[in-house]
Each structure stands twice: as C-alpha cells, then as structure tokens.
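1. show me how the following folds:
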Amino acid sequence: MNITKKDAIQTLLSLLLGIVVFLLVYSQLNIDEMADLLKTTHWGFIAIPVVLSLVSCILRALRWNQLIEPIAKKPAVKNTFCAVMYGYFINHLLPRAGEVARCGVLKKYEGISFTELIGTVITERAFDLLIIFLIVFVTIILEYDAFSSILGGITIWQSICNLLVNPLLWIVVSASVIILFVLRKKIKQTKLMGKIKELGKGVWNGLKSFTQIKNKPLFIIYSLLIFLMYYLMLYFSFWLFDFTAGLDMEAGLTTYVFGALGMVVPVQGGIGTYEFMTIQALKIYGIGATAAGTFAVLSHLIEIVVNCVGGFACSIVLPFINKQKKEE
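-> Numbering: from 1, shown residues only. Model (predicted):
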C-alpha cells in the first residue's frame, strides 16, 4: 500500500489520541494491583478466544466469497481468508484502511475488479450494521437497568434538536447546495468526477451481488455466526480471571456491546476507548475499576495480537500459496 503524507498524519494523530485516552484511563488505576491480578490469569483459557477469532475470519471469508461469486470467479477460500486477516492487520496500522487493503489482495491474486470488490465490502458492512443494531436492541431489552444507569443522564434528542434549529447549520447547507448547482457543469467534466462515476458503477454492481447470491439463508447464517464468535470471544475471556469467571452471559453481552461502541470511535485500533467502555460495563456488575481495567487491557491485547500476527503471517504466505497460479 502507498502511504501518503496525509495518511501518515491522520494515523499519527489517531494513535496519539488513543495513547492519551489510554493513559488517562489507566492513570487512575493501581498498576501494582493490576500486575498482581495478571499473575493470577488462567492462561490455559486464552486458546479459546484465539481460536474463535480465527473461526470468525474463516466465516467472514466464506460469506465474502458468496458476494463475490456473482460478479467474478469464486476466489480460493485461502486467499479470501488471508485477505480478511491482512485487512485487520492494516486496520491497526492505518485507521479504516483495512477494507481497501483486503480488496487489493484479491485484485492482485485473483484478478477481480477492485471497484466491484469495494461494492461487496459495502454490502458486508450494511449487513454488519443491521446485526449490530439488532444486538444493541436486544441487549438494551435484556439489560435495561444496566444501560439506563449509564445513559440516563444523556439528553441526545435535545442536542439533536438544538443542532437542527441552529441557523448556522442551514446557512452552510444552503451555501453548499448553491455552489454545487452553479459549478455543476464544470464538476461533471473533471477527471475526479469521471473516477467517481467509475467507482460508483463498480460499487453498484457489488451491491447488487446480494440479490444474486445462490444461498441467501446461508449468507444470513454466516453473518449471525460471525457476531456470535465475537461475543463468545469476549464471554470466554471472562474465564481468564477469577473475578470475572462468575459473570453470566447477559453480562457478557452488555460488556461486548460497550466494548464494540468503544471500537467505533476513530481512534487507532480502539486503544483507550475500548478499555474505557469495557471498564464502565464491568463496573455495573460490581467489578472494581482496577480489576476491570486488567480484564479490558488483556482482552484487547489478545485481539490485537491475533489480528497483527495473523495478518502479517498471511502477507508473507500469500505469494507462496499462489506461486503455482503465478507460474501458470
């Protein structure tokens, strides 16, 4: 991947922000006590979230192949799996760049149109978003008291209303519409617009791939299983410590949702924000801040190590597993 100066600056700022948040969170915890708690870790259980993480990547590869098949030849699962792993790896280096990177892998080794692959990724993300909304909805119903204790003081609707009645917002929107209308002919003639049209065509073909997949129920099953793996990774990580081993599956669901919300923040790899949100969730169930911080940092570290080691390893083996195809 070619890294521009802008990408480097964005990555550096994102990483610095994550480090600042991480330090702020853990500056309030007892580091010596955390070290003692880590000595009590049941390391034998660490294999479970690691295996579940790899299974989720296999499922994601199989689901992605279903979307690709209608628009191109079906890729080898080994290449799709390696592309997914490599994408996760790149996401830890460059925020949100992993989706582009994994499409680049399949373009290189399978010869599939890059823009159409981007379309299939958009389709994937659309389904992922629907499932996340479903998970959040179910979690709020099951653990309403837990969510209300955290979110009770937030007046989000009032903030939205205040924004909508702000005259400055409508001035900016109106001015933007007028400028685009006046310059519409010149904009259409630019090379950038031509590239956007080409990209849009590829994206549209990718989006249509869902309507053309052969086994739609299987696609939905894959989607649900992927998030089940994510949830089980978090839940079985409870077994690493005595202080979380007794938490039930509903507590695991709440903790998973809070951690996922922390990962949404545009911070490098969710550093700091994931830990903060996970700590807040565990405190609801009576886990002390220091113990919760110990669990949060270890569970996050497991995910980072699996993604980085697995993705880096895939980037190395990809040329070898495709050597025969290249020679042919």
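2. residue farthest from the centroid of the chain?
-> Distance from the C-alpha centroid of the chain, by CA atoms, centre = their mean, peaks at V182 (39.0 Å).
3. how near is that residue to K188?
-> Distance, V182 to K188, by CB to CB, to the nearest Å: 13 Å. Backbone N, C-alpha and C define where each C-beta goes, glycine included.
4. ok, now I140?
-> With CB to CB as the criterion, I140 and K188 are 46 Å apart.
5. who has more neighbours, these two?
-> The neighbour count for I140 versus K188, taken as other CB atoms under 10 Å, is higher for I140 (15 against 10).
6. show me what the helix or strand harbouring the more buried one is packed up against.
-> Following DSSP states H and E, one finds I140 within helix 114-142. With contacts taken as 3 or more CB pairs under 8 Å, 6 or more residues apart in numbering; DSSP states H and E, helix 114-142 sits against helix 47-68, helix 98-110, helix 191-207, helix 209-212, helix 216-237, helix 249-264.
7. and the nearest residue to T244 once chain neighbours are set aside, how many neighbours?
-> Spatial nearest neighbour of T244, excluding adjacent residues (CB to CB, 6 or more residues apart in numbering): F238 at 4.1 Å. Using other CB under 10 Å, F238 has 21 neighbouring residues.
8. show the contacting residues for F238.
-> F238 is in contact with 244-245, 247, 252, 295, counting by CB atoms under 8 Å, 6 or more residues apart in numbering.
9. what angle separates the top helix by length along the chain from helix 216-237?
-> Counting residues, the longest helix found in the chain (DSSP state H) is helix 289-321. Between the axes of helix 289-321 and helix 216-237, defined by axes from the mean of the first three to the mean of the last three CA atoms, to 10 degrees, the angle is 130 degrees.
10. what comes up buried for helix 289-321?
-> Residues 290-300, 302-304, 306-308, 310-311, 314-315, 318 are the ones in helix 289-321 that count as buried (16 or more other CB atoms under 10 Å).
11. just checking, K73 touches E110?
-> Yes - if you go by CB atoms under 8 Å, K73 and E110 touch, sitting 7.3 Å apart.
12. have a look at these two and say which one is more surrounded.
-> Set K73 next to E110 and count neighbours by other CB under 10 Å: E110 wins out with 19 against 10.
13. what sits against that one?
-> Going by CB under 8 Å, 6+ apart, E110 touches 72-73, 75-76, 79.
14. repeat for I68
-> 74-75, 80, 106, 112, 117, 120, 209.
15. rerun that using 7 Å as the cut-off
-> I68 makes contacts with 74-75, 112, 120, as judged by CB atoms under 7 Å, 6 or more residues apart in numbering.
16. can you check I279 too?
-> With contact set as CB under 7 Å, 6+ apart, I279 has these partners: 25, 289, 292-293, 296.
17. next, the buried residues of the helix or strand where it lies.
-> Following DSSP H and E, one finds I279 within helix 273-284. Under the neighbour-count criterion of 16+ other CB under 10 Å, helix 273-284 has 273-282, 284 buried.
18. how about stretch 115-130?
-> Within stretch 115-130, the residues that count as buried by 16+ other CB under 10 Å are 115-121, 123-124, 127.
19. for the stretch 101-250 of the chain, what are the low-confidence residue spans?
-> Counting by pLDDT under 70, the ranges of the stretch 101-250 of the chain that qualify are 145-166, 169, 184, 187, 189, 191-196, 198-210.
20. rewinding a little: what is the mean pLDDT for the helix holding I279?
-> Computed over helix 273-284, the mean pLDDT rounds to 90.
21. equivalent analysis for stretch 53-68, please.
-> 94.
22. for it, what is the distance to the chain centroid?
-> For stretch 53-68, the distance from its own C-alpha centre to the chain's C-alpha centre is 14 Å (CA atoms, centre = their mean, to the nearest Å).
23. and for stretch 84-102?
-> Centroid separation for stretch 84-102 versus its chain: 10 Å, with CA atoms, centre = their mean.
24. likewise stretch 293-300?
-> Counting by CA atoms, centre = their mean, stretch 293-300 is centred 18 Å from the centre of its parent chain.
25. picking up where we left off before, and the helices and strands packed on helix 114-142 as a markdown table, adding distance to L168?
-> A markdown table is the format used below for these (distance: least, CB to CB, whole Å):
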| stretch | distance to L168 |
| --- | --- |
| helix 47-68 | 42 |
| helix 98-110 | 34 |
| helix 191-207 | 28 |
| helix 209-212 | 40 |
| helix 216-237 | 40 |
| helix 249-264 | 27 |
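26. out of these, which comes closest to K323?
-> Comparing these by their distance to K323 (CB to CB), the top pick is helix 98-110, with 10.7 Å.
27. what angle separates that closest one from helix 289-321?
-> If you take the same axes, to 10 degrees, helix 98-110 sits at 20 degrees to helix 289-321.
28. could you pull out the buried residues of helix 98-110?
-> Applying a neighbour-count criterion of 16+ other CB under 10 Å, one finds 98-107, 109-110 buried in helix 98-110.
29. for G293, give me its contacts.
-> 26, 29, 34, 275, 279.
30. to clarify, my last question referred to N91.
-> 97-98.
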